[in-house]
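# from the sequence below, what's the structure:
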Amino acid sequence: KILPSSLVVIFESFDSLDFVYAQPGEVFHNRNGQFHHDDFINKPYGCKIRSRDNKGVGFVYLLKPTPELWQRSLNHRTQIVHELDASLITFKLNLRPNM
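From the prediction side, this is the model:
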């Protein structure tokens with residue numbers, strides 16, 4: 001159940017995820033329409049919400065955050081890890097072959 005201030009992952013389409021903290025009185029806008037946070041609150045995770053504009057044509061799914069969904073919803077940037085840094089990370093994590 002989504003409560004006020006709950007983190008919600010918004011599934012817009014297969015390649016488009018976003019996230020919001022459900023706050024009463026707030027509105028989430030995207031290409032599918034306007035989605036009022038008041039419509040999120042007290043709904044179960046996984047439900048489908050229709051937009052209040054566009055005659056309810058646009059919709060999104062409200063998903064419970066998991067590590068995979070959270071990672072997909074964030075903006076990605078390229079990170080270069082140099083050899084010495086990678087070796088230090090490997091050492092600190094105590095990684096060994098065949099673990």
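
# ok, which stretches of this protein are strands?
Using DSSP state E, the strands of the chain run over 7-13, 16-21, 27-30, 33-36, 48-50, 59-63.

# can I get those in a markdown table with distance to Leu93, mean pLDDT and mean neighbour count?
Every C-beta, even on glycine, is put in place using the N, C-alpha and C of the backbone. Converted to a markdown table, these look like this (distance: least, CB to CB, whole Å; pLDDT from 0 to 100; neighbours: other CB atoms under 10 Å):
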| stretch | distance to Leu93 | mean pLDDT | mean neighbour count |
| --- | --- | --- | --- |
| strand 7-13 | 27 | 90 | 18 |
| strand 16-21 | 28 | 89 | 15 |
| strand 27-30 | 38 | 91 | 15 |
| strand 33-36 | 40 | 90 | 18 |
| strand 48-50 | 40 | 91 | 16 |
| strand 59-63 | 30 | 92 | 19 |
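
# out of those strands, nearest to His82?
strand 16-21 (30.8 Å; CB to CB).

# counting by contacts, list what that closest one packs against.
Other helices and strands packing on strand 16-21, by 3 or more CB pairs under 8 Å, 6 or more residues apart in numbering; DSSP states H and E, are strand 7-13, strand 27-30, helix 67-73.

# can I get the ones you listed in CSV including distance to Leu84?
Listed next are those as CSV, based on distance: least, CB to CB, whole Å:
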stretch, distance to Leu84
strand 7-13, 36
strand 27-30, 43
helix 67-73, 26
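
# for Thr90, find the nearest of these.
helix 67-73 (21.3 Å).
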